[in-house]
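Student: A structural model of the following input is requested.
(one chain, ligands or ions: 3)
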Amino acid sequence: MDLSVPTTVDPSALREVAEQVALEAGRLIVQERPRDLGVAETKTSATDVVTVMDQRSQDLLLTRLGELRPDDGFHGEERGGRVGTSGISWVVDPIDGTVNYLYGIPAYAVSVAAVVGDPTTPGAWRPVAGAVVNPVTGECFTAALDAGAHRAVDSGPRRALRVPDAPLGLSLCGTGFGYDPDRRRWQGEVLARVVPEVRDIRRIGSAALDLCRIADGSLDVYYERGLNPWDMAAGWLVATEAGGLVTDLEGGHPSTAMTIAGGPGNHADLRALLTGVLARVGPEKDH
Ligand code: IPD
Ligand code: CA
Ligand code: CA
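Tutor: Numbering: from 1, shown residues only. Ligands and ions are numbered 1, 2, ... in the order given. Below is the predicted model:
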């Protein structure tokens, strides 16, 4: 499959667009958050919620990207999308960490990535630019292919990110859980076998920010089963452009089956650990 970047594509220009619209959506979800924010609907289970602001944030991103990049495709978590003609598609999570948003916990983000390939087909796409914005802390993580990853806070300086390296046994490990109770049962059994092998575990509640934390060293490693393209697209590039590795269990592109992130000195060990754990725990459907 050809996932090369067309010569007409400038990843740094796409990064600027990603940053601009992610900041705009971030302002929207903070400034227009209703006082009595409630659950507008549920998706895969009673705990998989959408607030009115998830849809409004996505609508803003769809409109603004349509104005700035009219020939590109658009693939977001909520309703509404667009097929493009340019070879670039935007993959967005309008609020990553919706449960944190609902509870007022300041660990949620707007995630915007430009990708080549087809983001609706597993393994057939990859990110070339992206931005992850936490509108409460003011953190803005950005990356462009072969141009590095950066972090800025509000209008402060943009600092280049470099993944630090910790051995697995001294690694702070992020992870997450899906919304389906059966998946969670399986994830809990896997976690019980991972936690003795690492420094500690964090379940912060935003996969996009977890991947950016690999880049800035506020997590050493991360794994999760069940991510969708919008959860991982921008954070994947931020982590790899900072020198990290983000793969599936076999070392290929990260997937819904498994996303594993870390540095050069711990990623292979986490992959090996998870391979052994999964062999012992067995497939998800048996739980
Ligand atoms: C979720 C968050 C969470 C992860 C879940 C995702 P949402 O996204 O990223 O950290 O564990 O797998 O679904 O629903 O808040 O956009
Ligand atoms: Ca998400
Ligand atoms: Ca979301």
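
Student: make it CA atoms for all contacts and neighbour counts henceforth
Tutor: Noted.

Student: so what does the helix or strand containing Trp230 touch, helix or strand wise?
Tutor: Taking DSSP states H and E as the definition, one finds Trp230 inside helix 229-241. Here helix 229-241 is seen to pack against strand 88-96, strand 109-117, strand 125-134, strand 139-144, strand 149-153, helix 207-216, strand 245-247 when contacts are counted using 3 or more Cα pairs under 8 Å, 6 or more residues apart in numbering; DSSP states H and E.

Student: mind checking which of these is nearest ligand 2?
Tutor: Minimum separation from ligand 2 across the helices and strands packed on helix 229-241 (Cα to the ion) falls at strand 88-96, 4.0 Å.

Student: Mind putting the helices and strands packed on helix 229-241 into TSV with mean neighbour count?
Tutor: Output for the helices and strands packed on helix 229-241, formatted as TSV (neighbours: other Cα atoms under 10 Å):
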stretch	mean neighbour count
strand 88-96	29
strand 109-117	30
strand 125-134	30
strand 139-144	28
strand 149-153	21
helix 207-216	30
strand 245-247	25
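
Student: Rebuild these as CSV, extending it with mean pLDDT and distance to ligand 2.
Tutor: Output for the helices and strands packed on helix 229-241, formatted as CSV (pLDDT from 0 to 100; distance: least, Cα to the ion, whole Å):
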stretch, mean pLDDT, distance to ligand 2
strand 88-96, 98, 4
strand 109-117, 98, 8
strand 125-134, 98, 12
strand 139-144, 98, 16
strand 149-153, 98, 20
helix 207-216, 98, 6
strand 245-247, 98, 17
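
Student: any chance of these in CSV, plus distance to ligand 1?
Tutor: Formatted as CSV, the helices and strands packed on helix 229-241 follow (distance: least, Cα to the nearest ligand atom, whole Å):
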stretch, distance to ligand 1
strand 88-96, 4
strand 109-117, 9
strand 125-134, 12
strand 139-144, 16
strand 149-153, 19
helix 207-216, 4
strand 245-247, 16
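
Student: Out of the ones you listed, flag the one nearest Val21.
Tutor: Taking Cα to Cα, strand 109-117 is the member of the helices and strands packed on helix 229-241 nearest to Val21, at 7.9 Å.

Student: residues from the stretch 151-287 of the chain in reach of ligand 3?
Tutor: The stretch 151-287 of the chain has no residues near ligand 3, with proximity defined as Cα under 5 Å from the ion.

Student: so which residue of the stretch 151-287 of the chain comes closest to ligand 2?
Tutor: Closest residue of the stretch 151-287 of the chain to ligand 2, Cα to the ion: Asp231 (4.4 Å).

Student: Do I have it right that that residue meets Ser111?
Tutor: Yes - under the criterion of Cα atoms under 8 Å, Asp231 makes contact with Ser111 at 7.4 Å.

Student: residues bridging contact with those two, i.e. touching both?
Tutor: Common contacts of Asp231 and Ser111 (Cα atoms under 8 Å, 6 or more residues apart in numbering): Val92, Asp93, Asp96, Ala208.

Student: Now the two most distant members of those residues.
Tutor: Greatest spatial distance in these: Val92 and Ala208, 10.5 Å, computed using Cα to Cα.

Student: for Glu250, what are its contacts?
Tutor: Glu250 neighbours (Cα under 8 Å, 6+ apart): Arg271.
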